[in-house]
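*Asks:* With the sequence up front, the predicted model follows.
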Amino acid sequence: MCGRFSLLGTPEEIEAWFDLMELEDFPPRYNIAPTQPILMVVSGETPPPGSNRPNRRALLVRWGFIPGWVKDTANYPLMINARAETAIDKASFKAAMRHRRALIPASGFYEWRRNGDRKAQAYWVRPRDGGVVAFAGLYEPWANAEGSEMDTGAVLTTEASDNLRFIHDRMPVVIEQKDFSRWLDCKSQEPRHVADLLKPAREDLFEAIPVSDKVNKFENTGPEIQERVEDTPPEERKRPQRSKPPQSDAQMKLF
């Protein structure tokens with residue numbers, strides 16, 4: 001799963017990597033949590049004749065997907081992830097898989113390994129060579145009863161690559177740069193045409209760094225949450241049960 005991630009690249013780096021025209025300035029974000037705004041890259045309108053650049057635009061989205069048909073969010077679950085294996089068949093995500101696929105710029109994500117009766121060990125999972133990666137995402141416009149609108153989104157997840165499975169059995173889907181255009185093309189590329197992209201990341205892409213439980217609190221937003229700590233090795237590295245990162249109740253009260 002993906003319950004926290006970070007975005008440390010500068011606007012200029014994000015613009016270059018995703019071939020965007022322009023981004024507003026923003027600070028590094030070390031601890032992005034559910035219900036907070038996240039940056040997504042989506043396909044824009046048809047580019048002008050003669051343009052060789054892909055037409056992409058940046059979109060600020062509330063992390064927590066709400067299907068357009070939902071009326072009462074009070075009793076609707078907070079959907080921050082969508083399982084890549086079943087998203088096309090789920091009523092909640094089916095339309096977005098066909099019409100509203102997105103890229104989510106990220107510098108890595110956090111995951112927790114359960115240690116039996118002991119507290120969970122947090123890991124900062126980042127690209128070995130640094131830089132930015134693109135998670136596969138879905139977005140959906142939603143309007144409340146008063147007509148106020150916002151865009152909402154989720155991260156697509158898949159089975160963890162072998163080198164990360166000792167932490168958790170799920171991870172975000174990573175779209176490689178060469179596949180950006182195909183993933184974002186919702187006009188000619190149906191979900192079945194891009195299903196091959198919904199796979200675990202290559203094993204040499206990420207490294208997992210044990211970090212302290214400071215990341216558990218979304219109020220902690222500085223670089224200290226990514227400092228390496230001594231790992232507490234599990235008795236046995238095996239496929240763990242699915243688990244959720246600690247969350248504050250305050251995050252659940254957007255509505």
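*Replies:* That came through fine. Numbering: from 1, shown residues only.
*Asks:* Report the residue spans of this structure with pLDDT below the cut-off.
*Replies:* Applying pLDDT under 70 to the chain flags residues 46-52, 117, 232-255.
*Asks:* all helices of it, in order?
*Replies:* 11-18, 94-99, 180-184 (DSSP state H).
*Asks:* Alpha carbons only: can I get the longest one in CSV?
*Replies:* This points to helix 11-18. The C-alpha trace of helix 11-18 is given here as CSV (Å, rounded to 0.1, in the frame of the first residue of the first chain):
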residue,chain,number,x,y,z
PRO,A,11,9.6,22.8,-9.4
GLU,A,12,12.2,23.1,-12.1
GLU,A,13,13.2,19.4,-11.7
ILE,A,14,9.5,18.3,-11.8
GLU,A,15,8.9,20.4,-14.9
ALA,A,16,11.8,18.8,-16.7
TRP,A,17,11.1,15.2,-15.7
PHE,A,18,7.4,15.4,-16.6
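*Asks:* which residues touch it?
*Replies:* 7, 9, 20-26, 39, 41, 56, 103, 105, 131-132, 134, 177, 180 (C-beta atoms under 8 Å, 6 or more residues apart in numbering). All C-beta atoms are positioned from the backbone trio N, CA, C, and that covers glycine.
*Asks:* Can I get the buried part of these as one PyMOL selection?
*Replies:* A single PyMOL command selects the buried members of the contacts of helix 11-18 (16 or more other C-beta atoms under 10 Å):
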select buried, resi 7+9+20+23+39+41+56+103+105+132+134+180
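*Asks:* any idea how far the residue positioned nearest the centre of the chain lies from Ala134?
*Replies:* The residue lying closest to the centre of the chain (C-alpha atoms, centre = their mean) is Val155, at 3.9 Å. Distance of Val155 to Ala134, given as C-beta to C-beta, to the nearest Å: 11 Å.
*Asks:* what's the answer for Pro34, then?
*Replies:* Using C-beta to C-beta, we find Pro34 at a distance of 19 Å from Ala134.
*Asks:* Would you agree Glu227 is in contact with Val211?
*Replies:* Yes. Counting by C-beta atoms under 8 Å, Glu227 does reach Val211; the two are 6.5 Å apart.
*Asks:* So between these two, which is more surrounded?
*Replies:* Val211 (19 against 13; other C-beta atoms under 10 Å).
*Asks:* Which of the contacts of helix 11-18 fall in strands?
*Replies:* Within the contacts of helix 11-18, residues falling in strands by DSSP state E are 7, 39, 41, 56, 103, 105, 134.
*Asks:* Quick check: closest non-adjacent residue to the third one.
*Replies:* Looking back up the chat, that one is Val41. Excluding the flanking residues, the one nearest Val41 by C-beta to C-beta, 6 or more residues apart in numbering is Leu103, at 4.2 Å.
*Asks:* returning to what we had before: okay, and the common contacts of Val155 and Ala134?
*Replies:* Counting by C-beta under 8 Å, 6+ apart, the residues touching both Val155 and Ala134 are Ile104.
*Asks:* possible to save the helices of the chain as CSV with distance to Phe218?
*Replies:* Formatted as CSV, the helices of the chain follow (distance: least, C-beta to C-beta, whole Å):
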stretch, distance to Phe218
helix 11-18, 22
helix 94-99, 25
helix 180-184, 29
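*Asks:* out of those, nearest to Trp142?
*Replies:* helix 94-99 (11.3 Å; C-beta to C-beta).
*Asks:* Just the residues contacting the closest one, thanks.
*Replies:* Here helix 94-99 makes contact (C-beta under 8 Å, 6+ apart) with 65, 67-68, 87-88, 138-140, 186, 190-191.
*Asks:* Go ahead and build a ChimeraX selection from the buried members of these.
*Replies:* Burial among the contacts of helix 94-99 is assessed by 16+ other C-beta under 10 Å; the matching ChimeraX selection reads:
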select :65,67,87,88,138,139,140,186,191
